[in-house]
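[1] here is a sequence together with a model predicted from it:
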Amino acid sequence: MLKLSIAVTIIGVIMLPLGIFSYITATYKNETRRIFVFLMGLSMVMIIGGGLAIPGAYAQQKAAQRPVSAQQRSSMSSITSQDQNEVFDGGAHQRSVAKRHFAENTIKKQLNKDYRKLGTGTLDRHQRYSH
């Protein structure tokens, strides 16, 4: 809403000098000036309306950006963690699982190759490498 209020005000400010210039040109050429008077009035309404709406829209935007409480933050973090496991994550979750699985298999093969004399080993997240 703040951006809209600012845009309306800026457009009104741009229209006003153009309307004044067109009014002067129409007066000089002895043409009708009704449309230019209407456009200048419209630009004044836009300037005043947009200017009066800016403080309210700014206050509304600041209220929406208030600090988040700890309870809200924890609920938002749980929502975020759930969103990461969604189907529509672009396959990032599947790629990370596949990458981790590949790295674990590579490490397991290397450790089995290096410690062949000790027997077979397993790769475990908690114990790292065990026989």
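    Looks like it came in fine.
[2] what's the helix or strand for Leu4?
    helix 2-28 (DSSP states H and E).
[3] typed the wrong thing, it's Ala63
    According to DSSP H and E, Ala63 maps onto helix 34-64.
[4] that's a strand at Arg66, yeah?
    No. With the criterion set as DSSP: H, G, I helix; E, B strand; the rest coil, the secondary structure at Arg66 is coil rather than a strand.
[5] residue most distant from the centroid, this protein?
    Lys117 (56.6 Å; C-alpha atoms, centre = their mean).
[6] can you read off the pLDDT for that one?
    Lys117 carries a pLDDT value of 70.
[7] one step back: the inter-axis angle of the helix holding Leu4 versus helix 34-64?
    Computed with axes from the mean of the first three to the mean of the last three C-alpha atoms, to 10 degrees, the direction of helix 2-28 lies at 170 degrees from that of helix 34-64.
[8] for the record, mean pLDDT for helix 2-28?
    88.
[9] elements contacting that helix?
    Under the contact criterion of 3 or more C-beta pairs under 8 Å, 6 or more residues apart in numbering; DSSP states H and E, helix 2-28 touches helix 34-64. Glycine gets a C-beta too; all of them are placed from N, C-alpha and C.
[10] buried stuff in the helix it packs on?
    Along helix 34-64, these residues count as buried under the neighbour rule (16 or more other C-beta atoms under 10 Å): 36, 39-40, 43, 46-47, 50, 53-54, 57.
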